[in-house]
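# can't give you the sequence, but here's the structure:
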């Protein structure tokens, strides 16, 4: 009884010590000087930062394209899947802080050599053997290795979420920019075609004047050159429209094809861009937040590395039964057990 009480006391004492020591530095956010107050109404700034800014263009087609990209874009789907991956890594790492348990069972028939080193006098040969075991182990986190690893895994998970937000912002910006480029090219194409039609009318007028001897052939050649120049610009613009449509189709997660049109470039409402926004707003940028989480993870892994300088302390144990007769497998005489404190 005395030995059992001593063992229980030692285990309890070690368990209490697991929360007392954590090697490695705690993360401290670097101090950055920022303005003490907003230079304009805070509510206005927060409303602007929290809004779906592409809605301010007042183009339902653009809004639909953004929604399609958020649902179908392959890069965004990959970023979302990586969050699930790092969720698994986090819970796997965190699980190392707790005891692990397992069980096994075995049944086999074996024959030993009668000429070998192992004597088989008085034994049945071959013979049956049945085993059933429960085992457990717990590496006590005395130096905070697993706590620091969990801290790093948590930061990596949060960094992955910020990476997904970065993909979202980049994707939405790219979709909106490509759509505006298409509408600008449409306007340019429209103007170029009107210019070609106008120069065609001018050329026809010059041809009549040349036929009547009013102008020289040089003036007629100049009018023909300007008309041909306007016509030559149309294929280049049409090709640019097609290339931009193809690029936008890739962002939408679909095969290259035509893109629906909404408001013209002149009808789109320009979003309001406030001035005087303090640098504190940069803390909401996902790429900056992702970089900070990477810094937190690296800082936590310093503690993991330092903990390797110290010995590990574990508790292991197993309990089971072994018998050559299945009917005696769960009798008291068949029991076997062991425990230890490996260091």
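Looks like it came in fine. Treat the numbers as computed from the prediction; the structure is a model and nothing was measured. Residues are numbered from 1 along each chain as shown.

# Give me the neighbour count for residue 29.
Applying other C-beta atoms under 10 Å, we find 9 residues neighbouring residue 29. Using the backbone N, CA and C atoms, a C-beta is placed for each residue, glycine as well.

# In the stretch 101-250 of the chain, mark out all the strands, start to finish.
Using DSSP state E, counting those that start in this stretch, the strands of the stretch 101-250 of the chain run over 127-140.

# can you map out the helices along it?
Counting by DSSP state H, counting those that start in this stretch, the stretch 101-250 of the chain forms helices over residues 145-211, 217-251, given from the N-terminal end onward.

# Tabulate these in TSV, adding columns for mean pLDDT, mean neighbour count and distance to residue 301.
Converted to TSV, the helices of the stretch 101-250 of the chain look like this (pLDDT from 0 to 100; neighbours: other C-beta atoms under 10 Å; distance: least, C-beta to C-beta, whole Å):
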stretch	mean pLDDT	mean neighbour count	distance to residue 301
helix 145-211	90	18	5
helix 217-251	90	15	36
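
# wait, which of the ones you listed is closest to residue 91?
When the helices of the stretch 101-250 of the chain are compared by C-beta to C-beta, helix 145-211 sits nearest residue 91, at 8.6 Å.

# Next, the angle helix 217-251 makes with that closest one.
Using axes from the mean of the first three to the mean of the last three C-alpha atoms, to 10 degrees, one finds that helix 145-211 and helix 217-251 are set 160 degrees apart in direction.

# Give me the helices and strands touching helix 145-211, please.
Counting by 3 or more C-beta pairs under 8 Å, 6 or more residues apart in numbering; DSSP states H and E, the packing neighbours recorded for helix 145-211 are helix 60-72, helix 74-95, helix 217-251, helix 286-307.

# how about the ones you listed in TSV, adding distance to residue 29?
Converted to TSV, those look like this (distance: least, C-beta to C-beta, whole Å):
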stretch	distance to residue 29
helix 60-72	31
helix 74-95	21
helix 217-251	35
helix 286-307	7
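
# Indicate which one of the ones you listed is closest to residue 27.
That would be, of the helices and strands packed on helix 145-211 and by C-beta to C-beta, helix 286-307, which comes in at 4.7 Å.

# ok, and what's touching the closest one?
Contacts of helix 286-307 with the rest of the structure, by C-beta atoms under 8 Å, 6 or more residues apart in numbering, involve 22-25, 27, 29, 143-145, 147-149, 151-153, 155-156, 158-159, 162-163, 165-166, 169, 282-283.

# same thing but at 6 Å, please
23-24, 27, 143-145, 148-149, 151-152, 155-156, 158-159, 162-163, 165-166, 282 (C-beta atoms under 6 Å, 6 or more residues apart in numbering).

# Check stretch 83-102 too.
135-138, 141, 146, 149-150, 153-154, 156-157, 160-161, 164.

# any weak-confidence spans in this protein?
Judged against pLDDT under 70, the low-scoring parts of the chain cover residues 1-21, 24, 31-51, 116-123, 273-281.

# Let me see the domain layout of it.
Under the assignment automatic domain parsing, the domains of the chain span 2-31+57-97+141-310, 98-140+311-343.

# so residue 272 sits in a strand?
No. According to DSSP: H, G, I helix; E, B strand; the rest coil, residue 272 belongs to no strand; its state is coil.

# how many other residues sit next to it?
The tally of other residues near residue 272 (other C-beta under 10 Å) stands at 9.

# Centre of the chain to stretch 225-235, how far?
Average the C-alpha atoms of stretch 225-235, do the same for its chain, and the two points are 49 Å apart (C-alpha atoms, centre = their mean, to the nearest Å).
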